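J.: Sequence and predicted structure are below.
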Amino acid sequence: MGEGLESESRKLLGRLRDTMAEEAAGQERLDKITHLMADSMGTEVCSIYLFRDAETLELCATQGLNQAAVHETRMKMGEGLVGRVARYGKVVNTADAPSARGFRYMPETGEEIYSSFLGVPVQRLGEKLGVLVVQSKEKREFTHDEVYALEVVAMVLAEMTELGVFVGEGAALMARHTQPVMLRGGTAQEGAAMGRVWLHEPRVVVTNLVADDPEVEAKRLEDAVDTLRVSVDEMLADAPNDSDHAQVLEAYRMFANSKGWMRRMQEDITRGLSAEAAVEKEQSHARARMSQVTDGYLRERLHDLDDLSNRLLRILTGQGNSTGSEMPSDPILIARNIGPAELLEYGRSLKGVVLEEGSVGSHAAIVARALAIPLVIHAERITNEALNGDQILVDGDQGIVHLRPDETVSNAFRDKMAMQAKAQERYASIRDTECVSLDGHKVSMLMNAGLMADLPSLDNSGAEGVGLFRTELQFLIRNQMPKRTELANLYARVMDAAHGKRVVFRTLDIGSDKVLPYMKPQDEPNPALGWRAIRVALDRPGVMRMQLQALLRAAQGRPMTIMFPFIAQYEEFRQAKEEVNRVWAREEKLGHVMPESLEIGAMLETPSLAYASNKLFEEVAFLSIGGNDLKQFFFAADRENERVRRRYDTLNVSFLTFLQGIVKRCEESNTALSFCGEDAGRPIEALCLAAIGIRTLSMRPASIGPVKSLIMRYNLDEIRAVIEASRDRGDQTVRASVMDYLRQNG
Ligand code: PEP
Ligand code: MG
């Protein structure tokens, strides 16, 4: 790149900045930019197309094309050369536009006389805003430097659009972030919430895009990158070796030291951009690529680069995490993704959470579930669209988010919430009533928990005890292995809070989707079928022993209940139980107060266990069906894979028949049986489970009211007959028949 070209580019940006500094209405500013660009690039035409809506581009200003076409000419994404630039987010540079693929003649613009065409996307952090075009009669391809110059201007244009510079009289351009937006995502935790946006990472606002002195800017960038490197090194020194966290930091370090990254930013600065603008330009590129890359690993690395750019922008602008604003009283947290520990820190102050990414089984989802906060995942663009303080409605049941909703939507939503509140009142009125069906079958209602924060729900929900305490949460939210005393204290406090109600502590269930941040990740082709839960515990008994000690000590003389996850064959249970006996003997020898009694049960999460020998059924104190895992293995459908996870109905006759087989075996061997998967908390499913004989259900606390109130209104023997009849008729699922029956019977 020649010195002359660099100063040309700087001059152009300087003129652009001066133009922007003048008092002018939005449209006037757009017009001025097109004049300026056509003039500087020596082309007859310069036009700016901006998105009207997600699919439609509109000619918003032009120098050289017919003025009457402004705000009249529109095209769909992908239509014509301009539409192509927008769709693919890539530059189109051609000497002979009329014969280029995709060219579409727009008579109102008079453009057919122009031969050369150069179009660059106007995009900001991966979001498409429009297209900037220059055209000329002379048949020539634009040089690399010209393309670059136009790209830089497009970037400045994108920033200005974001800042609302072009809004105003005559511009016919809506201010950004003012329109209602509805986003459809996935549901990870049900419930409805309304509140105000609180961004986990507020956007850094870059206002100085163009700089006069490249040397000063280059130095600023260098200093900022140095600061960044030091902080990454420090974080790395604190991170446990080989952990996920350390791996991410290693990737950060790689980028922070990457010559290519630095070089590109320095080049942008030489061309006249400020250090911040240069960082953001690179970040935009990374985001644009992110939307195209499907390879998981690469996407992760692009994310790392994105995070790193954010850090760098914060250093450069001095803008901190909260940018001075105060968290609203009804915050709905918006983030691209969030870790479990961070989410837990916000805790119950949050009314809802919306993530751009996330997954149903992610740790954040587990925490959100534990906190009973509605969570919508895969809400595309939410972090770009939402501003702190915006009104927002979260429909966790449908996976829908309404940002800045209009009044009709708000009112409808308010009605929905009022109805739910009424239902809650009804549930509260039966809180202390036993759950007995009309025909006199008692169904025990237990709750699932995993955090200290869950325990107050024991009283609020009327649960008779904790049927599943997921102990792994305590391991997942820390960045190092918890200590034995720490755990013993925590378990003791859990038991204190339960006031004598039974708590079933499930031993550490890690592996598959639950990866401890401080444990070396296993590279397994099928983690759900891999080295997880009891398999890890038996192969590396150290952690299990420590946990068992903590549990026995926590009891402080009270009765203790322990449950092993993911038992696939008798031998695993036997070994695990032997481990408990050994720990018991040692603890006793050490003089600790031993639990008054000890129950040891197993989770039935693999079909194999349903066919285990009688010995298993006789030896376990109880069995608890982990329906989430059991169902995924029964149907061979990954519980985390959006494509298949809803494909098979829990009320499918094959699955129900299978469950009935388990009920029968438990009855024959007098083994206590419960069900603790998510389905236990879905009223219709729970009703059917109870009808086929599973009379202990453990679920999210919030589900106890709805499940209980439904079961209490029906006759379980009749429902069972409906299920059998439906099966006899050859139905694939009994759902429709059961629903019909419920409708006909109130
Ligand atoms: C289950 O698999 O149903 C279960 C309760 O365990 P988790 O969801 O923690 O795997
Ligand atoms: Mg499970």
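T.: Arrived safely. Ligands and ions are numbered 1, 2, ... in the order given.

J.: Could you check the pLDDT of E342?
T.: You'll see E342 listed with a pLDDT of 80.

J.: Confirm it sits in a helix?
T.: Yes: counting by DSSP: H, G, I helix; E, B strand; the rest coil, E342 is found in a helix.

J.: list the contacts for it?
T.: H200 (Cβ atoms under 8 Å, 6 or more residues apart in numbering). The way it works is simple: take the backbone N, C-alpha and C, and place the C-beta from them, glycine included.

J.: Same question for K416.
T.: A192, D395.

J.: ok, so what distance separates it from ligand 1?
T.: Distance from K416 to ligand 1, counting by Cβ to the nearest ligand atom, to the nearest Å: 28 Å.

J.: can you check L623 too?
T.: 13 Å.

J.: One more: F142?
T.: Applying Cβ to the nearest ligand atom to F142 and ligand 1 gives a distance of 57 Å.

J.: For that residue, which non-adjacent residue is spatially closest?
T.: Nearest non-adjacent residue to F142, counting by Cβ to Cβ, 6 or more residues apart in numbering: L118, 4.4 Å away.

J.: In a strand, that neighbour, correct?
T.: Yes: L118: assigned to a strand according to three-state DSSP.

J.: what's the following helix or strand after the helix ranked longest in the chain?
T.: Counting by DSSP state H, the longest helix found in the chain is helix 214-238. Next in sequence after helix 214-238, counting helices and strands by DSSP states H and E, comes helix 244-256.

J.: What helices and strands are in contact with that next one?
T.: The contact analysis (3 or more Cβ pairs under 8 Å, 6 or more residues apart in numbering; DSSP states H and E) places helix 244-256 against helix 214-238, helix 296-317.

J.: Check which residues of the shortest one are buried.
T.: This points to helix 296-317. 299, 301-317 (16 or more other Cβ atoms under 10 Å).

J.: Then stretch 448-465?
T.: Quick answer for stretch 448-465 (16+ other Cβ under 10 Å): 448-451, 454-455, 457-458, 461-465.

J.: just the residues of this structure that are near ligand 1, which are they?
T.: Residues of the chain that fall close to ligand 1, judged by Cβ under 6 Å from any ligand atom: L468, R470, D509, E605, G626, G627, N628, D629, C676, G677.

J.: Need the residues you listed in CSV (columns: neighbour count).
T.: Formatted as CSV, these follow (neighbours: other Cβ atoms under 10 Å):
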residue, neighbour count
L468, 27
R470, 24
D509, 26
E605, 26
G626, 26
G627, 24
N628, 17
D629, 22
C676, 28
G677, 27
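
J.: Sitting in helices, which of those residues do you find?
T.: Per DSSP H, the residues of the chain next to ligand 1 map to helices at G627, N628, D629.

J.: between the residues you listed, which is nearest ligand 2?
T.: D629 (3.7 Å; Cβ to the ion).

J.: what sits against the closest one?
T.: Counting by Cβ under 8 Å, 6+ apart, D629 has contacts F566, M603, E605, T606, R639, G677.

J.: any weak-confidence spans in this protein?
T.: Residue ranges of the chain with pLDDT under 70: 1-5, 111-112, 168-175, 239-245, 320-325, 361, 513.

J.: Spit out the contact partners of the spatially most central residue of it.
T.: In the chain, the residue lying closest to the centroid (Cα atoms, centre = their mean) is G358, at 2.2 Å. Contacts for G358 (Cβ under 8 Å, 6+ apart) come out as A188, N337, I338, A364, A365, L375, I377, H378.

J.: about what we covered before: CSV please, covering the helices and strands packed on helix 244-256 and showing distance to Q391.
T.: Shown next, in CSV, are the helices and strands packed on helix 244-256 (distance: least, Cβ to Cβ, whole Å):
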stretch, distance to Q391
helix 214-238, 35
helix 296-317, 25
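
J.: Please tabulate the ones you listed in a markdown table, including the columns distance to ligand 2.
T.: Formatted as a markdown table, those follow (distance: least, Cβ to the ion, whole Å):
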| stretch | distance to ligand 2 |
| --- | --- |
| helix 214-238 | 32 |
| helix 296-317 | 23 |
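
J.: From the contact counts, what lies against the longest helix of the chain?
T.: helix 244-256, helix 259-270, helix 275-290, helix 296-317.

J.: Point out the residues in the protein that sit beside ligand 2.
T.: E605, G626, D629 (Cβ under 5 Å from the ion).

J.: 8 Å - rerun?
T.: Proximity of the chain to ligand 2, by Cβ under 8 Å from the ion, involves residues D509, A533, P565, F566, M603, E605, G626, N628, D629, G677.

J.: Strands along the stretch 451-600 of the chain, start to end?
T.: 465-470, 502-506, 560-567, 598-604 (DSSP state E, counting those that start in this stretch).

J.: In terms of secondary structure, what does the longest one contact?
T.: This points to strand 560-567. Packed next to strand 560-567, using 3+ Cβ pairs under 8 Å, 6+ apart, are strand 502-506, helix 534-539, helix 541-555, helix 570-589, strand 598-604.

J.: Could you export these as CSV, including distance to Q480 and mean neighbour count?
T.: Formatted as CSV, the helices and strands packed on strand 560-567 follow (distance: least, Cβ to Cβ, whole Å; neighbours: other Cβ atoms under 10 Å):
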stretch, distance to Q480, mean neighbour count
strand 502-506, 21, 22
helix 534-539, 18, 19
helix 541-555, 13, 20
helix 570-589, 23, 16
strand 598-604, 27, 23
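
J.: For Q391, which of those is the nearest?
T.: Proximity to Q391, assessed across these by Cβ to Cβ, is greatest for strand 502-506 (40.3 Å).

J.: Measure how far that closest one is from the centre of its chain, please.
T.: 29 Å (Cα atoms, centre = their mean, to the nearest Å).

J.: for that strand, packing partners?
T.: strand 465-470, helix 484-497, strand 560-567.

J.: list the buried ones in the second one?
T.: Put plainly, it is helix 484-497. In helix 484-497, counting by 16+ other Cβ under 10 Å, buried: L487, A488, L490, Y491, A492, V494, M495, A497.

J.: go on, stretch 706-714?
T.: P706, V707, K708, S709, L710, I711, Y714.

J.: ok, the residues you listed vs ligand 2, which is closest?
T.: V707 (19.9 Å).

J.: pretty sure the closest one is touching S698, no?
T.: No: between V707 and S698 there is no contact, the gap being 10.7 Å when judged by Cβ atoms under 8 Å.

J.: any residues in contact with both of those two?
T.: A680.

J.: hmm, back to that, export the buried residues of stretch 706-714 to a markdown table and tack on distance to P521 and secondary structure?
T.: A markdown table is the format used below for the buried residues of stretch 706-714 (distance: Cβ to Cβ, whole Å; DSSP: H, G, I helix; E, B strand; the rest coil):
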| residue | distance to P521 | secondary structure |
| --- | --- | --- |
| P706 | 38 | helix |
| V707 | 37 | helix |
| K708 | 41 | helix |
| S709 | 44 | helix |
| L710 | 42 | helix |
| I711 | 42 | helix |
| Y714 | 47 | coil |
